[in-house]
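**Q** Please find the sequence and the predicted model below.
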Amino acid sequence: MTGPFGAAPAGSDSPRPRHRFRRLRRSASLRALVRETRLSVDDLIWPVFVKDGDGADEPIASMPGVARRSIGSVVAAAEEAQSLGIPAICLFPYIEPHLKTEDCADVWSDDNLVNRTIRAVKAAAPDVSVMTDIALDPYNINGHDGYVVDGEILNDETVAALVRMALAQARAGADILGPSDMMDGRIGAIRQALEAVGHQGVTILSYAAKYASAFYGPFRDAVGASGALKGDKKTYQMDPGNSDEALRLVARDLDEGADMVMVKPGMPYLDICRRVKEEFGVPTFAYQVSGEYAMLAGAAQNGWLDHDKVMLESLLAFKRAGCDGVLTYFAPQAARLLG
């Protein structure tokens with residue numbers, strides 16, 4: 001005798017599943033009690049684009065909902081971050097084309113766009129940590145992260161410029177320096193220079209495993225580097241097919257004085273995030289880059305995906321892969337939902 005759907009009735013001798021995993025999924029309260037991975041506002045760093053002048057925000061067509069902001073608007077964003085509990089923002093400058101040069105001399109000016117923004121943000125929202133980007137590409141007429149001579153990206157000469165850039169940002173009050181250039185030896189050189197002038201407390205979050213990815217396109221639009229870039233970045237950013245190399249790079253950067261490390265991009269490289277965290281056990285971050293954001297935001301804008309659900313699910317994936325936090329353009333929306 002069977003039940004109405006073919007199942008054995010209660011009291012029969014037919015085998016029953018001993019472990020019914022569905023018991024712990026029966027209600028929201030039970031699911032919350034046994035949840036293994038949690039996402040919180042403490043896990044978020046908000047990347048923000050800054051431009052010179054006092055004009056209105058300039059929407060970035062390839063990044064729905066993201067804009068280039070004036071310094072005053074960035075200050076307002078930092079105050080919003082502080083009110084939402086977002087622990088850090090990361091500044092990326094849009095440099096007007098006529099200001100880009102081959103020597104990139106503006107990168108170490110104490111009064112450049114980024115350094116003025118750092119000071120303004122720290123004055124208005126002191127509880128928010130300010131992270132910066134250390135690379136030459138926004139300032140480089142060639143669009144590269146390093147100096148270019150006869151088509152070659154120069155390593156050591158670029159590192160010397162990056163050191164000067166890092167010191168200027170530290171003087172302006174930056175809390176976290178983010179070398180994203182992928183030049184060899186830059187972490188050690190920056191750390192040594194910071195120590196030598198009394199900036200021992202400045203943190204380095206190294207873009208240790210940064211891949212030569214096709215997911216950066218919208219970002220390059222945002223900082224005005226797309227049209228300037230000559231060639232590609234495959235001679236200094238990582239080959240997407242490499243995994244073991246990422247561990248060697250992380251080990252080197254930690255040895256040279258990095259406090260935290262990053263994997264970039266994020267979602268296509270969750271396996272790298274997991275390997276880094278398991279191997280080193282250090283603060284590990286991922287960057288949910290512009291292309292990842294654009295895919296999700298664009299699909300949601302077209303009604304193909306549920307914006308809030310896919311946003312939170314994508315961010316949770318980083319935590320599940322072992323990341324301690326994530327740089328994401330979704331930060332303010334996620335923070336409001338997470339409360």
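**A** Done, it's in.
**Q** CA atoms only: put the helix of greatest length in the chain into CSV for me.
**A** Counting by DSSP state H, the longest helix found in the chain is helix 155-172. Extracted as CSV, the C-alpha positions of helix 155-172 are listed here (Å, rounded to 0.1, in the frame of the first residue of the first chain):
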residue,chain,number,x,y,z
ASN,A,155,59.7,48.7,-15.1
ASP,A,156,62.3,50.4,-12.8
GLU,A,157,61.7,53.9,-14.1
THR,A,158,58.0,53.5,-13.6
VAL,A,159,58.6,52.2,-10.0
ALA,A,160,60.5,55.4,-9.2
ALA,A,161,57.5,57.5,-10.3
LEU,A,162,55.1,55.3,-8.4
VAL,A,163,57.1,55.8,-5.2
ARG,A,164,56.8,59.6,-5.6
MET,A,165,53.1,59.2,-6.3
ALA,A,166,52.7,57.1,-3.2
LEU,A,167,54.5,59.6,-1.0
ALA,A,168,52.3,62.4,-2.2
GLN,A,169,49.2,60.5,-1.5
ALA,A,170,50.4,59.6,2.0
ARG,A,171,51.2,63.3,2.7
ALA,A,172,47.6,64.1,1.6
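**Q** Pull out the buried residues from it.
**A** Buried residues in helix 155-172, counted by 16 or more other CB atoms under 10 Å: 155, 158-159, 161-172. For the C-beta atoms, the positions are set from N, CA and C on the backbone; glycine is no exception.
**Q** How about stretch 271-289?
**A** In stretch 271-289, counting by 16+ other CB under 10 Å, buried: 272-277, 282-289.
**Q** all helices in the stretch 101-250 of the chain, in order from the N-terminus.
**A** 113-124, 155-172, 186-196, 217-223, 244-256 (DSSP state H, counting those that start in this stretch).
**Q** hmm, back to that, looking only at pLDDT, what's the mean for the longest helix of the chain?
**A** Averaging pLDDT along helix 155-172 yields 98.
**Q** Same check on stretch 125-136?
**A** 97.
**Q** Quick one: end-to-end distance for it.
**A** 27 Å (CA to CA, to the nearest Å).
**Q** For it, list every residue counted as buried.
**A** Buried, per 16+ other CB under 10 Å, within stretch 125-136: 125, 128-136.
**Q** try stretch 220-239
**A** Buried residues in stretch 220-239, defined by neighbour count with 16+ other CB under 10 Å: 220-225, 228, 233, 236-238.
**Q** Return it as CSV; C-alpha atoms alone will do.
**A** Provided in CSV are the C-alpha atoms of stretch 220-239 (Å, rounded to 0.1, in the frame of the first residue of the first chain):
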residue,chain,number,x,y,z
ARG,A,220,38.8,52.7,-19.0
ASP,A,221,35.9,54.7,-20.3
ALA,A,222,35.4,56.1,-16.9
VAL,A,223,38.9,57.4,-16.4
GLY,A,224,39.4,58.4,-20.0
ALA,A,225,42.1,55.8,-20.8
SER,A,226,40.3,53.9,-23.6
GLY,A,227,41.2,56.2,-26.4
ALA,A,228,44.7,56.8,-25.1
LEU,A,229,45.8,53.2,-24.8
LYS,A,230,48.2,52.0,-27.4
GLY,A,231,48.5,48.3,-27.6
ASP,A,232,47.6,46.1,-24.6
LYS,A,233,48.8,45.4,-21.1
LYS,A,234,49.8,41.7,-21.5
THR,A,235,53.5,42.3,-20.9
TYR,A,236,52.9,43.3,-17.3
GLN,A,237,49.4,42.1,-16.2
MET,A,238,48.9,38.4,-15.7
ASP,A,239,48.0,35.8,-18.3
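**Q** Please state the offset of it from the chain centre?
**A** Centroid separation for stretch 220-239 versus its chain: 17 Å, with CA atoms, centre = their mean, to the nearest Å.
**Q** Averaged pLDDT, that stretch. What do you get?
**A** Mean pLDDT, computed over stretch 220-239, is 83.
**Q** lowest average confidence, helix or strand, in this protein?
**A** Every helix and strand of the chain was ranked by mean pLDDT, DSSP states H and E. The lowest is helix 217-223, at a mean of 83.
**Q** Now do it: which elements does it pack against?
**A** On a contact count with 3 or more CB pairs under 8 Å, 6 or more residues apart in numbering; DSSP states H and E, helix 217-223 meets strand 88-93, helix 290-301.
**Q** any chance of the ones you listed in CSV, plus mean neighbour count?
**A** Compiled in CSV, the helices and strands packed on helix 217-223 are given as follows (neighbours: other CB atoms under 10 Å):
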stretch, mean neighbour count
strand 88-93, 22
helix 290-301, 20
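**Q** quick one, which of these is nearest to G257?
**A** In terms of CB to CB, the element of the helices and strands packed on helix 217-223 nearest to G257 is strand 88-93, at 19.8 Å.
**Q** how far out from the middle of the chain is that closest one?
**A** Distance of strand 88-93 from its chain centroid, counting by CA atoms, centre = their mean, is 10 Å.
**Q** list the helices and strands it packs on?
**A** Helices and strands touching strand 88-93, by 3+ CB pairs under 8 Å, 6+ apart, are strand 44-50, helix 71-84, helix 113-124, strand 129-134, strand 176-179, helix 217-223.
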